[in-house]
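> 3D model of this:
(one chain, ligands or ions: 1)
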Amino acid sequence: MRKKSNFGSMMVTVVFIGIIGGVVYLYNSVMFERDVPKIEIENAGYWNLRAPLKINIDDASGLMEYKVTLKSGDEVFELANEQFLSPQGKQTLELKTPKRAYALKNKEVTVSVEAKDASKWNFFAGNSASKQITLQIDKKRPYVSTIASSYRIIKGGSAVVIFKAQDDNMEEFYVETNFGKRFKAQPFYKEGYYVTLIAWPVTTEKIFSAYIIAKDSAGNVTKSKVPVIPYSKTYKYSRINLSDNFLNGKVSELAYAYGVEDDADIIGRFRYVNEDMRKSNEDVIHELTSKVSDTKVNNFPIKKMYPLKNAQVVAQFGDHRVYSYQGEQVSEAYHLGLDLASNAMSPIKSQNPATVTFAEENGIYGNMPVLYHGLGLYTIYGHCSTLMVQEGDSVRSNESIAKTGRSGYAMGDHLHFGVLVQGIEVRPQEWMDQDWIRKSITDPMRQARKLINQR
Ligand SMILES: [Zn+2]
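This next block holds a predicted model:
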């Protein structure tokens, strides 16, 4: 009897633990989860009734239904109403209003989202959630207008644009080219006006266009073409045959110094220097020269640049170099600066005041100072022997910043002089020509100030 009674109570305990375990299991299982669906409405504040409403709905046990409605005064628009036969994962919605809603005159609308999950909680009824937001209606597009610009832009070259951009709920504006580059503008002269330098990359095709694009937080967008005339230009194309002597010289020295494996063949070493190293060194340059300040600009009194006195041009900007070895094409690159040579270790000077943003060794560019002249305009100086400035220094006009040399990927003593506009290499020749600077940059800015004063 005693044994049986012990056995009985043991059974009761086992069943009891089993029930408790089952309840705990169910209580914690996804099937019986108690969290309501998560509803996220990305739109906030202002809306133009046309931009899509971006809504995300998610739930751990899956979703069984959702509904989105738009209310304005007495009018109600059902934007979505879905009921599923089986639980669904995260719903990412981009809902548009029916055309007849565009005509709504009310100053605000209410967006309501309801959702129900697949949980068996609440006696199998599941968990429901709802969310409501009120949006102010703003159907007015941002005002954008070009005040003045350079008359033309040459392939590989620079130009300036001065424009007005205004909106009560402005979110962002910039100048975008057909190559996808966005140029950030700085405030210009008086409130509501902006200025930016733009550039046409030398490595691109024979077309160019630029638009001022302004977006407000209601989803209204204005796109206005910059009236600058593109002039295509043909740049040098060089076929270069690589000799064993050349490949085993400085190229291999650089490849080994920067960690290429010893067993890489001579063409592998050349490609490493000409492609991989070039890419990472140019990434550094592009990153350094993409920054633009937010300070107000009234004018841009830049003087023509001639970094090296009595210099000869030894390689052109924009030269497309295609390399062959034993009759087979093996690599290519664009030369994105102007090579100038004078006596060895000649002083390099900046004719314009600047801030030093970098003064270090940069792979194939060797010892390389980078100067910032304002308005997104930078200059770089490659292959230097000695650096005479440090990052953060302010440079006065005609101050020596470095001495020429053959550091990095350079066969003889020379200066690789590069000019960049917001991270894009441009024709140094333009910035070395006072007439071009006046006609293309300072005159349009003067004209813009005059037109703004007349308003
Ligand atoms: Zn060069």
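> Pull up the residues of the chain that are close to the ion.
Within reach of the ion by Cβ under 5 Å from the ion, the chain has these residues: 337, 339, 416. C-beta: built from backbone N, CA, C; applies to glycine.
> nearest residue to the second one other than its sequence neighbours?
Nearest-residue entry for residue 339: residue 315, 3.7 Å, with adjacent residues in sequence omitted and distances by Cβ to Cβ, 6 or more residues apart in numbering.
> pLDDT value on the one you found, please?
At residue 315, the model reports a pLDDT of 96.
> residues in contact with it?
Contacts of residue 315 were listed using Cβ atoms under 8 Å, 6 or more residues apart in numbering, and they are 335, 338-339.
> Now for those, which sits with the most neighbours around it?
Neighbours here mean other Cβ atoms under 10 Å. Within these, the largest count is held by residue 338, at 24 neighbours.
> Wait, that one touches residue 316, no?
Yes: counting by Cβ atoms under 8 Å, residue 338 touches residue 316, with 6.9 Å between them.
> on that earlier part again, closest to the ion among the contacts of residue 315?
Of all the contacts of residue 315, the ion sits closest to residue 339, with 4.1 Å by Cβ to the ion.
> where does residue 224 land in three-state SS?
With DSSP: H, G, I helix; E, B strand; the rest coil as the basis, residue 224 sits in strand.
> Just list whatever residues bridge to it.
residue 212 (DSSP bridges).
> Can you give me the neighbour number for it?
By other Cβ under 10 Å, the residues close to residue 224 number 18.
> Show the model's pLDDT score for it.
Looking at residue 224, its pLDDT stands at 97.
> ok, now which ones touch it?
Contact analysis of residue 224 by Cβ under 8 Å, 6+ apart lists 144-146, 163, 211-213.
> List just the nearest of the residues you listed to the ion.
So of these, ranked by how close each gets to the ion (Cβ to the ion), first place is residue 211, at 32.9 Å.
> And the closest one, how far from residue 224?
6 Å (Cβ to Cβ, to the nearest Å).
> now residue 189
19 Å.
> So residue 439: helix, strand or coil?
Counting by three-state DSSP, the backbone at residue 439 sits in helix.
> Just give me the neighbour total for the residue nearest to it when sequence neighbours are not counted.
Using Cβ to Cβ, 6+ apart and skipping the chain neighbours, the partner closest in space to residue 439 is residue 151 (7.4 Å). Using other Cβ under 10 Å, residue 151 has 13 neighbouring residues.
> how far away is residue 151 from residue 33?
Here residue 151 is placed at a distance of 67 Å from residue 33 (Cβ to Cβ).
> doesn't residue 133 make contact with residue 46?
No: the pair residue 46 / residue 133 is not scored as a contact, 11.7 Å apart, by Cβ under 8 Å.
> So for those two, which residue has more residues nearby?
Set residue 46 next to residue 133 and count neighbours by other Cβ under 10 Å: residue 46 wins out with 20 against 16.
> doesn't residue 36 fall inside a helix?
No: looking at residue 36 with three-state DSSP, it is coil, so not inside a helix.
> show me the contacts for it.
59, 117, 127-129.
> I'd like to know which of the residues you listed is nearest to residue 92.
When these are compared for distance to residue 92 (Cβ to Cβ), residue 59 wins out at 13.6 Å.
> Now that closest one, what are its backbone angles?
Dihedral angles phi and psi of residue 59 (degrees, to the nearest 10) take the values phi -160, psi 140.
> mind listing what it touches?
Shown in contact with residue 59 (Cβ under 8 Å, 6+ apart): 35-38, 115, 117-119, 127.
> Pick the one among these closest to residue 274.
Within the contacts of residue 59, proximity to residue 274 (Cβ to Cβ) peaks at residue 38, which comes in at 51.3 Å.
> Name whatever forms a beta bridge with the closest one.
With beta bridges defined as DSSP bridges, residue 38 has these partners: residue 58.
> And for it, the neighbour number?
Residue 38 has 15 neighbours, counted by other Cβ under 10 Å.
> ok, how many other residues are close to the residue in the stretch 1-150 of the chain positioned nearest to the ion?
Nearest residue of the stretch 1-150 of the chain to the ion: residue 150, at 26.4 Å (Cβ to the ion). Residue 150 is flanked by 23 other residues according to other Cβ under 10 Å.
> Does it touch residue 157 like I think?
No: using Cβ under 8 Å, residue 150 is not in contact with residue 157, being 9.1 Å away.
> can I assume residue 368 sits in a strand?
Yes: assigned with three-state DSSP, residue 368 falls within a strand.
> Who are the contact partners of it?
Residues near residue 368 by Cβ under 8 Å, 6+ apart: 358-362, 380-384, 408.
> Adding neighbour count, pLDDT and distance to residue 437, write the residues you listed out as JSON lines.
As requested, these are exported to JSON lines (neighbours: other Cβ atoms under 10 Å; pLDDT from 0 to 100; distance: Cβ to Cβ, whole Å):
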{"residue": "358", "neighbour count": "21", "pLDDT": "98", "distance to residue 437": "24"}
{"residue": "359", "neighbour count": "22", "pLDDT": "98", "distance to residue 437": "26"}
{"residue": "360", "neighbour count": "13", "pLDDT": "97", "distance to residue 437": "29"}
{"residue": "361", "neighbour count": "13", "pLDDT": "97", "distance to residue 437": "31"}
{"residue": "362", "neighbour count": "23", "pLDDT": "97", "distance to residue 437": "28"}
{"residue": "380", "neighbour count": "23", "pLDDT": "98", "distance to residue 437": "19"}
{"residue": "381", "neighbour count": "29", "pLDDT": "98", "distance to residue 437": "20"}
{"residue": "382", "neighbour count": "28", "pLDDT": "98", "distance to residue 437": "23"}
{"residue": "383", "neighbour count": "24", "pLDDT": "98", "distance to residue 437": "26"}
{"residue": "384", "neighbour count": "27", "pLDDT": "98", "distance to residue 437": "25"}
{"residue": "408", "neighbour count": "22", "pLDDT": "95", "distance to residue 437": "29"}
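> of the residues you listed, closest to the ion?
Using Cβ to the ion, the shortest approach to the ion within the contacts of residue 368 belongs to residue 382, at 6.2 Å.
> Nearest residue to the residue of the stretch 301-450 of the chain found nearest the ion in space, please, no chain neighbours.
Closest residue of the stretch 301-450 of the chain to the ion, Cβ to the ion: residue 416 (3.3 Å). Closest residue to residue 416 apart from its sequence neighbours, by Cβ to Cβ, 6+ apart: residue 382 at 3.4 Å.
> Now residue 278: which helix or strand?
Element membership for residue 278 (DSSP states H and E) is helix 278-288.
> what sits up against that helix?
Contacts with helix 278-288, where a contact means Cβ under 8 Å, 6+ apart, come from 333, 336, 357-358, 362-365, 370, 378, 380, 418, 420, 423.
> repeat that with 6 Å
Outside helix 278-288, the residues within contact range by Cβ atoms under 6 Å, 6 or more residues apart in numbering are 357-358, 362-365, 370, 423.
> any weak-confidence spans in the stretch 201-350 of the chain?
Flagging of the stretch 201-350 of the chain using pLDDT under 70 yields the residue ranges 262-263.
> Wait, residue 349 touches residue 400, no?
Yes: with contact defined as Cβ atoms under 6 Å, residue 349 counts as touching residue 400 (5.5 Å).
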